[in-house]
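Student: let's see this in three dimensions:
(one chain, ligands or ions: 3)
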Amino acid sequence: MKLLILDRDGVINHDSDAYIKSVEEWLPLPGSIEAIAQLSKAGWTVAVATNQSGIARGYYDLAVLDAMHERLRVLVAEQGGEVGLIVYCPHGPDDGCDCRKPKPGMLKTIAAHYDVALAGVWFVGDSLGDLEAAKAVDCQPVLVKTGKGEKTLGKTLPVGTLIFDDLAAIAAELIHN
Ligand SMILES: O=P(O)(O)OC[C@@H](O)[C@H]1O[C@@H](OP(=O)(O)O)[C@@H](O)[C@@H](O)[C@@H]1O
Ligand SMILES: [Mg+2]
Ligand SMILES: [Zn+2]
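Tutor: Ligands and ions are numbered 1, 2, ... in the order given. Okay, here's the model as predicted:
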């Protein structure tokens, strides 16, 4: 199967150092909804793996998080596509969970859900932790320059990291090559 895994904040929607705390603050990046819909219509399964420590920090609750993801699903459906499994880590940095990136727990959950191997599967993120999570399970790390991506570019990236301007550029690459 053609599986693509996306980080959420900074890849699909605008990110904020103040966290994305409400559906109103959850604003798609230019071209991201269309990119997901086009990928879906081209036979790709698009899953999401997102850290959401704002839950542990008490900035918003699971109902709000679910509403953001319902919004994502509705917007993509309006473009004729669909979003696959969305996995989130609600824990804080000190909770010692297995799912918070850079740990690869969420990627493993997605692989198990679809019963596929992760080797070579593209995982698209804007933070170094996303790329490190990818590397940990032999996914292809892919950095976008949106969100925190420009800042991440200044760090030492995992060997072999691919770099694209945004999700729309990734969709064009995957669909047309
Ligand atoms: O990019 P994804 O994984 O979809 O989500 C990132 C968010 O959970 C938040 O992650 C936080 O990091 P800490 O969790 O506080 O280290 C900060 O970077 C926030 O700016 C950001 O909105
Ligand atoms: Mg991000
Ligand atoms: Zn977790």
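Student: rest of the way, CA atoms for contacts and neighbours
Tutor: Noted.
Student: near ligand 2, which residues of this protein?
Tutor: 9-10, 126 (C-alpha under 5 Å from the ion).
Student: who wins for most neighbours among those residues?
Tutor: residue 126 (28 neighbours; other C-alpha atoms under 10 Å).
Student: so what's that one up against?
Tutor: 7, 10-11, 143-149, 152 (C-alpha atoms under 8 Å, 6 or more residues apart in numbering).
Student: for residue 146, what are its contacts?
Tutor: Here residue 146 is in contact with 10-11, 126, 165-166 (C-alpha under 8 Å, 6+ apart).
Student: reformat the residues you listed as JSON lines; add secondary structure and pLDDT.
Tutor: Formatted as JSON lines, the contacts of residue 146 follow (DSSP: H, G, I helix; E, B strand; the rest coil; pLDDT from 0 to 100):
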{"residue": "10", "secondary structure": "coil", "pLDDT": "99"}
{"residue": "11", "secondary structure": "coil", "pLDDT": "99"}
{"residue": "126", "secondary structure": "coil", "pLDDT": "98"}
{"residue": "165", "secondary structure": "coil", "pLDDT": "98"}
{"residue": "166", "secondary structure": "coil", "pLDDT": "98"}
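Student: downstream of the longest helix belonging to the chain, the next helix or strand is which one?
Tutor: Identified as the longest helix of the chain according to DSSP state H is helix 62-78. Sequence order places strand 86-89 as the next helix or strand after helix 62-78, per DSSP states H and E.
Student: who in the protein is up against ligand 3?
Tutor: Looking at ligand 3, the residues of the chain close enough under C-alpha under 5 Å from the ion are 89, 91, 97, 99-100.
Student: narrow these to those in strands?
Tutor: residue 89 (DSSP state E).
Student: most neighbours, which of the residues of the chain next to ligand 3?
Tutor: Ranked by neighbours (other C-alpha under 10 Å), the residues of the chain next to ligand 3 are led by residue 100, which has 25 neighbours.
Student: quick revisit: check the offset of the longest helix of the chain from the chain's centre.
Tutor: 14 Å (C-alpha atoms, centre = their mean, to the nearest Å).
Student: packing partners of it?
Tutor: helix 32-41 (3 or more C-alpha pairs under 8 Å, 6 or more residues apart in numbering; DSSP states H and E).
Student: the helix it packs on versus helix 62-78: what angle between them?
Tutor: For helix 32-41 against helix 62-78, the angle by axes from the mean of the first three to the mean of the last three C-alpha atoms, to 10 degrees is 70 degrees.
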